[in-house]
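> Below are the sequence and a predicted model; questions follow.
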Amino acid sequence: MTVRYKKGWAYLFIAMGVLNLVLGGLLLLNGVPHFSVFIGVIILIIGVGYLTKPYVTVTDRGFVFKALIGPIERTFEFDSLDRVRVENNKILIQNNGGWKRVPISKFLAHNNDWQALNELIVSKRI
């Protein structure tokens, strides 16, 4: 299962990136070098990443997070879905007797995908 980012965040970042590029470009045309162009490119790349990259992929053995930029991957493993629970819109994994929070935010996740993830955890079936 794949959880995507909310598209609203992507559009907001793309708009902010374009605005920075335009304003920085106008300053460049007037002969004033400005860091807004560089910041605009970074913000634009983040916005495109929000549109194209998954937030988290759920496998039968864990939650896999991929970086927006680059090949970096972070995995939170679990033995079975019996060791995963949702509490106050936070996902927890049982780890060595204690519970560890998985850094998934409902605030960033696509609403339908968040609901499907909650249903998956409650049903305990992948």
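Arrived safely. Numbering: from 1, shown residues only.
> CA only for contacts and neighbour counts going forward, please
Will do.
> Can you show me the strands along the chain?
2-4, 54-58, 62-66, 73-77, 84-87, 90-95, 98-102 (DSSP state E).
> Distance from the longest one to the middle of the chain?
Meaning strand 90-95. Here strand 90-95 is found 18 Å from its chain centre; the criterion is CA atoms, centre = their mean, to the nearest Å.
> Just give me the residue closest to the centre of the chain.
The chain has residue 55 as the residue nearest its centroid, 3.7 Å off, counting by CA atoms, centre = their mean.
> Mind putting the strands of the chain into TSV with mean pLDDT?
Converted to TSV, the strands of the chain look like this (pLDDT from 0 to 100):
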stretch	mean pLDDT
strand 2-4	95
strand 54-58	94
strand 62-66	93
strand 73-77	92
strand 84-87	90
strand 90-95	90
strand 98-102	91
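> low-scoring pLDDT stretches of this protein, where are they?
Counting by pLDDT under 70, the ranges of the chain that qualify are 125-126.
> and the residue nearest to the centre of the chain, what is it in contact with?
Residues counted as contacts of residue 55 (CA atoms under 8 Å, 6 or more residues apart in numbering) are 2, 3, 4, 5, 65, 66, 109.
> Now for the residues you listed: which two are most distant?
Within the contacts of residue 55, 66 and 109 form the most distant pair, 14.0 Å apart (CA to CA).
> If we ignore the residues flanking it in sequence, what's nearest residue 33?
The shortest distance from residue 33 to any non-neighbouring residue, by CA to CA, 6 or more residues apart in numbering, is to residue 27 (6.6 Å).
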